[in-house]
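Student: Show me the folded form of this:
(chains A and B)
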Amino acid sequence: MSASTATDFSARPPRRALAFWTRLRKGDEVAYTLTLTCALSILAITALLVFELYTNSAETRHKFGWSFLSTSVWDPVAGEFGALPFIYGTVVTSALALLIGIPLGVGAAIFLAELAPARASNALTFLIELLAAVPSVIYGLLGIFVLVPMLRSAEPAIRAVLGWTPLFSGPFYGVSLLSAGVVLTVMIIPFIISISREVILAVPNEQREGALALGATRWETTWDVVIPYARKGIMGSIFLALARSLGETMAVTMVIGNDPKIHASLFATGYSIAAVIANEFTEATGGLYQSALIELGLVLFGLTMVINGMARLLVLSTTKKGAA
Amino acid sequence: MVFHRFRRKAINAVMLTLTGLCTLMAVGTLVFILGYLFEHGGRSLTLDFFTKLPAPVGETGGGMANALLGSAKLLLLASCIGVPIGFLGGVYLAEFGRSGFSSVVRYTTDLLNGVPSIVIGVFAYTLIVLRHGFSTMAGGIALGVMMIPIAIRSSEEFMRAVPLSLREAAMALGASKTRAVFTVVIPAAKEGIITGIMLDLARVAGETAPLLFTSYGNNFWSPGWDQPTAALPVMVYNYAISPFEDWHQQAWSAGFVLLMLVLTVNIMARVILSRKGHVAR
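Tutor: Just a heads-up that it's a prediction; the model follows:
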């Protein structure tokens, strides 16, 4: 039966061609092709981006190979390039931002989703989401002129409490890994809050009612039932925040101190991948120097791609809807 | 037993209060940022800021008229690239797409959206600046590429929100698919699509990183499209890291103007969207 239908179709090419021309006259094929071209251009741009970064970093990739990622000497004059100090700075500042940002963000999300009345919750979320729209250079501006002096005056207190750890030792000039981490915290919190709130709101009410009926307190219901249910989505929001903080450029560049050395102390200056590209790209004379910076761009691209991909899978699996 | 119950209740109260404090801190940060910028940037804002060129080092006064025009030109160029491609790409995903290929496009769009802006800057540099030098054109293209992903996804979302029955009604009246899409679906989704694009513009208006080595910067007017140009966010950056007190003040003013611009668009867009019953995102 199906076989004969198939032959029927192939036996009538003129009619199919006619249908094609009719559709073309009505504009369907034109509109289809036009919009398809635009959709394809996304794939083309992404492919071109990878291609450009890859070919333009060929010089350092051939000269240093994988050791580019594991050596820590960055000396443009001598022509030695190792990316480790930048990878270290990027990872440490992002980790610090997550360390402070996760409890704050998830805490606020719990309040907004579970406790606050709907109207107040919406209004507050609106305000918090505005924070995500503030341009990063403005966070940098506030970082230099407000946060750095603030941390400088808070330094004795921090030292008194945590000074015994190697993390808070050595001189402190204000610009530091710590400042960069705190600025990043402020920048990622809106993401964690708005997405976590959404996934917590998506937890079915039966879950809460069940726990409450068994005698759990409000907090026990939230912490032992609602949060585990929404766990994957919250993880997704954290990964999205991480991807954002890894790639954040301006705010970090302005407060991290721009010093390509690895220091254990958070009080010390550092450098991040994005910051070194922003700072040194225009002054990078000579093919090798520029190639090294472009390869750093490639590393950053790879890093954020992986994290973003994981984040989307996690958010997708809980809310069944990609977070924009 | 009584003690145990008391402990549970105490934990409940403490933790719930803590979550409230977290919220307060997040909202407090926004209030603080706004207040601080009003205080430091808004107060010293003069008419000169909008009409004059930057003053040379050592002279006081001056403005950022060239940066305002530069930003406007960059955004115009970015819209010329980002809006048509993004919008039509969105039409494809919402109306013409086949499911398998569409999800590939959607996934790639999200990935491109997640690319750090500095990397887009490097991309535009290798693609354009290496051959033609720093220019308004290069900066506009970098911002244009950044606009595409959000334009696509928001256009798609708003077109999908148009009920299927509208398309069916149009086609039942004999309209072709294209006609139904362009004369019925798109007009119905128009408000949302435009709002999405405004939000998209507001986002790239504040971008600094992709402009650092594409449009570069300029202390004077930049005629045409093939010369380096000043842009507001880049000015904020350069003036903030300068050693001059007077320039810091200018950076605050520029930051204030930039923030007001971005927040105004965002608030308007969210009000429009919430009135239409869409989730403000």
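
Student: how would you label the one residue sitting closest to the centre of chain B: helix, strand or coil?
Tutor: Centroid check for chain B by Cα atoms, centre = their mean gives residue B:203 as the closest residue, at 0.9 Å. With DSSP: H, G, I helix; E, B strand; the rest coil as the basis, residue B:203 sits in helix.

Student: which residues touch it?
Tutor: Counting by Cβ atoms under 8 Å, 6 or more residues apart in numbering or on different chains, residue B:203 touches A:133, B:146, B:150, B:262. For every residue, glycine as well, the C-beta is placed using N, CA and C.

Student: what do you get if the cut-off is 7 Å, keeping everything else the same?
Tutor: Contacts for residue B:203 were tallied using Cβ atoms under 7 Å, 6 or more residues apart in numbering or on different chains; they are residue B:150.

Student: Give me the pLDDT value at residue B:240.
Tutor: Note for residue B:240: predicted pLDDT of 94.

Student: just residue A:187 next, same as before
Tutor: At residue A:187, pLDDT is 95.

Student: can you check residue B:48 too?
Tutor: Residue B:48 is given a pLDDT of 88.

Student: repeat for residue B:257
Tutor: 95.

Student: Against chain A, how distant is it?
Tutor: 11 Å (Cβ to the nearest Cβ, to the nearest Å).

Student: Could you say which helix or strand holds that residue?
Tutor: helix B:245-275 (DSSP states H and E).

Student: could you say what helices and strands that helix packs with?
Tutor: Secondary-structure packing of helix B:245-275 (3 or more Cβ pairs under 7 Å, 6 or more residues apart in numbering or on different chains; DSSP states H and E): helix A:118-133, helix A:136-142, helix B:2-37, helix B:186-205, helix B:232-240.

Student: repeat that for 10 Å
Tutor: helix A:118-133, helix A:136-142, helix B:2-37, helix B:47-51, helix B:65-91, helix B:186-205, helix B:232-240 (3 or more Cβ pairs under 10 Å, 6 or more residues apart in numbering or on different chains; DSSP states H and E).

Student: Distance to residue B:250 added to the ones you listed, as CSV?
Tutor: CSV is the format used below for the helices and strands packed on helix B:245-275 (distance: least, Cβ to Cβ, whole Å):
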stretch, distance to residue B:250
helix A:118-133, 23
helix A:136-142, 11
helix B:2-37, 14
helix B:47-51, 8
helix B:65-91, 10
helix B:186-205, 19
helix B:232-240, 5
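
Student: And those: which comes nearest residue B:154?
Tutor: With Cβ to Cβ, the closest approach to residue B:154 among the helices and strands packed on helix B:245-275 belongs to helix B:186-205: 2.9 Å.

Student: Pull out the buried residues from that closest one.
Tutor: Neighbour-count burial for helix B:186-205, counted by 16 or more other Cβ atoms under 10 Å in any protein chain shown, picks out B:186, B:188-189, B:192-205.

Student: And for stretch A:139-153?
Tutor: Of the residues in stretch A:139-153, A:139-145, A:147-148, A:151 count as buried by neighbour count, 16+ other Cβ under 10 Å.

Student: Most widely separated two among those?
Tutor: Using Cβ to Cβ, those span at most 15.7 Å, a distance reached by A:141 and A:151.

Student: low-confidence ranges in the stretch 1-150 of chain B?
Tutor: For the stretch 1-150 of chain B, the stretches flagged by pLDDT under 70 are B:1.

Student: Spit out the contact partners of the residue in it positioned nearest to chain A.
Tutor: Residue of the stretch 1-150 of chain B nearest chain A, by Cβ to the nearest Cβ: residue B:116 (2.6 Å). For residue B:116, the contacting residues are A:243-244, A:246-249, A:273-274, A:277, A:297, A:300-301, A:303-304, B:122, B:209-210, by Cβ atoms under 10 Å, 6 or more residues apart in numbering or on different chains.

Student: Against residue B:103, how distant is it?
Tutor: Distance, residue B:116 to residue B:103, using Cβ to Cβ, to the nearest Å: 24 Å.

Student: same check, this time on residue B:137
Tutor: Here residue B:137 is placed at a distance of 34 Å from residue B:103 (Cβ to Cβ).

Student: Looking at the two, which is more packed in?
Tutor: Higher neighbour count among residue B:137 and residue B:103: residue B:137, with 23 against 12, using other Cβ atoms under 10 Å in any protein chain shown.

Student: Just read off the phi/psi values of the residue of the stretch 1-150 of chain B closest to chain A.
Tutor: Dihedral pair for residue B:116: phi -60, psi 140, per degrees, to the nearest 10.

Student: All set now, cheers.
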